[in-house]
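1. generate a structure from the sequence data that follows.
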Amino acid sequence: MADPTLAGVNFIAAYGQAQAQQAAAIQQQTGYLLQARNTLAVSEVNATFSQQHANIQAGRTLKRAEIDAMNYQIAGNTLLKNMRAVNASVRARAAASGISFGEGSAAAIQQQNIANTMFDVGITDLSALTARIMGFEDASAMMQSTEIQNIVNQFSAKQQTGQYNLAASAARSTGGLMATQTLVRGGIDAYKVGSGDAPKTAKANSPVTPGFTI
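-> Got it, this is the predicted structure:
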C-alpha cells in the first residue's frame, strides 16, 4: 500500500544526510586549503627571516674582517715606527762615538733592521689583505648558502601546498559523489514507499487466517 507521507519523510531524511555529507566535504576541503595557504605563508616568512639573519651575519663577518685588517695595518705601522726609533738610536750612538752612521757597522745594523722590519711589514700587509679576502668569501658563501636553502625550502613548501590542494579537491569531489549517491538512493526508496513497491512485512499482532496470506 502506497504511503506518500512516509515516502516524503524518507526523502527528506535522505536529503538532510546528503546535505550533511556535502557540508562535511566542504569543511574538509576548507581545512586542506587552509593548510596549503599556511604552509606557503610560513615558508615565505621563514625565508624572509633567514635572509635577514644571513644579511646580519654577513655584515658582522665583513666588519670583523675589516677590524682584523686594520689591526694588521696598525701592527705594520708599529713595526715601522720601532724601526725608525732603533735606527735613530744607532745613528745617535754612532755620532756620540765619532763614527759615521752611514758606514761600517752602524750602517750594517740599520740596513739589517730595515730588512727585517720590511719583511715583517710585508707579512702584516699580506695578513690584512688575506683577512679582507677571507671575510668577503665567508660572507658571500653565507649569503649564497642561505639563498639556496631558501629556494629548496620554498620548492618543498610549494610541493606540499600542491598536495594539500589536490587533497582538498578530492575531498570535495568525494563528498559530492557520496551526497549524490545518498540523495539518489533516498529518492529511489521514497519512490518505492510512495508507489507501494516497498517490501511488505506481516504485522506482529495481525491474525492469520488459514488459506490466506498477508
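
2. mean confidence score for whichever helix or strand residue 137 is part of?
-> Using DSSP states H and E, residue 137 sits in helix 104-195. The average of the pLDDT scores along helix 104-195 is 84.

3. same check on stretch 27-42?
-> Mean per-residue pLDDT for stretch 27-42: 86.

4. any idea how far it is from the chain center?
-> 17 Å (Cα atoms, centre = their mean, to the nearest Å).

5. now do the buried residues in it.
-> 28-29, 32-33, 35-36, 39-40 (16 or more other Cβ atoms under 10 Å). Bear in mind the C-beta positions are built from the backbone N, C-alpha and C, glycine included.

6. so the helix or strand where residue 60 lies versus helix 104-195, what angle?
-> Residue 60 is part of helix 4-96 when elements are defined by DSSP H and E. On the basis of axes from the mean of the first three to the mean of the last three Cα atoms, to 10 degrees, helix 4-96 is oriented at 180 degrees to helix 104-195.

7. which elements pack onto helix 4-96?
-> Using 3 or more Cβ pairs under 8 Å, 6 or more residues apart in numbering; DSSP states H and E, the elements in contact with helix 4-96 are helix 104-195.

8. now for the helix it packs on, which elements pack on it?
-> Under the contact rule (3+ Cβ pairs under 8 Å, 6+ apart), helix 104-195 is packed against helix 4-96.

9. returning to that earlier point: could you dump the buried residues of stretch 27-42 to a markdown table with distance to residue 18?
-> Shown next, in a markdown table, are these (distance: Cβ to Cβ, whole Å):
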| residue | distance to residue 18 |
| --- | --- |
| 28 | 16 |
| 29 | 16 |
| 32 | 21 |
| 33 | 22 |
| 35 | 26 |
| 36 | 27 |
| 39 | 32 |
| 40 | 33 |
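
10. closest to residue 95 out of the residues you listed?
-> residue 40 (82.2 Å; Cβ to Cβ).
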